[in-house]
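>>> coordinates for the following, if possible.
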Amino acid sequence: MSHPRMHSPARTVLALLVASGLVACSQNTTSDLVAYTESVKAMQKPDIEPLPEFQPYETFVYSAGELRDPFSPPVHSLPTKVVAQRTYSGISPVPDRPQEPLEEFPLDSLRMVGTLERNEDSWALIKASDDTIHRIKPGNYIGQNHGKIISVNEYAVDLTEIIPDGMGGWMERHASVALSE
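Take a look at the predicted model:
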């Protein structure tokens with residue numbers, strides 16, 4: 001009686017036939033692969049243009065350091081009499097007034113977003129650039145140029161700013177903040 005683990009000669013022959021068939025298949029596959037690789041290598045390589053030569057960067061020497069700062073107002077040589085008249089025009093900001101919250105923002109960064117009315121009083125709702133909404137009424141100040149609110153209506157806030165006139169004095173300028181759409 002033979003042991004079930006023993007291999008019969010028929011099984012061995014079958015295994016050899018399968019192995020030789022696999023070897024034959026793999027030889028055909030690799031010969032095709034080798035032929036393809038050789039044909040790709042034989043192809044002519046395209047010419048690649050050389051990198052362009054870059055011109056060296058020319059430095060710029062700033063020689064206007066001794067000139068007037070473009071962000072400071074010009075100093076005119078006006079007669080003292082004219083400067084004295086402009087300085088004492090009666091218009092000036094209130095010096096000891098406490099600052100209000102909306103005075104730290106430039107006027108063009110403020111947006112009117114609505115109005116409120118109660119009894120005879122009306123307020124405007126102003127949105128600052130930090131996304132906070134403030135309630136203001138005539139008499140309040142907004143903007144960085146001492147802007148005093150004159151009137152509030154449903155479409156705009158009218159105000160008067162006090163700005164430097166460039167000659168040592170002050171002048172008034174009318175402005176408004178319109179309702180944002």
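>>> what about the closest residue to Asp121 other than its chain neighbours, how many neighbours?
Using Cβ to Cβ, 6 or more residues apart in numbering and skipping the chain neighbours, the partner closest in space to Asp121 is Lys137 (6.7 Å). All C-beta spots, glycine's among them, are computed from the backbone N, C-alpha and C. Using other Cβ atoms under 10 Å, Lys137 is surrounded by 14 other residues.
>>> wait, Leu107 sits on Ala175?
Yes. Leu107 lies in contact with Ala175 (Cβ atoms under 8 Å); the separation is 6.2 Å.
>>> what is in contact with these two at once?
The contact sets of Leu107 and Ala175 overlap at Gly143, Gly147, Glu161 (Cβ atoms under 8 Å, 6 or more residues apart in numbering).
>>> out of these, flag the one nearest to Glu38.
Of all these, Gly143 has the smallest distance to Glu38: 80.1 Å, by Cβ to Cβ.
>>> what are the boundaries of the helices in the protein?
Taking DSSP state H as the test, the helices found in the chain are 9-42, 80-87.
>>> go through the ones you listed and find the least confident stretch.
Lowest mean pLDDT within these: helix 80-87, a mean of 49.
>>> next, name the residue at the spatial heart of the chain.
In the chain, the centroid-proximal residue (Cα atoms, centre = their mean) is Ser129; its distance is 14.5 Å.
>>> gap between that residue and Phe105?
6 Å (Cβ to Cβ, to the nearest Å).
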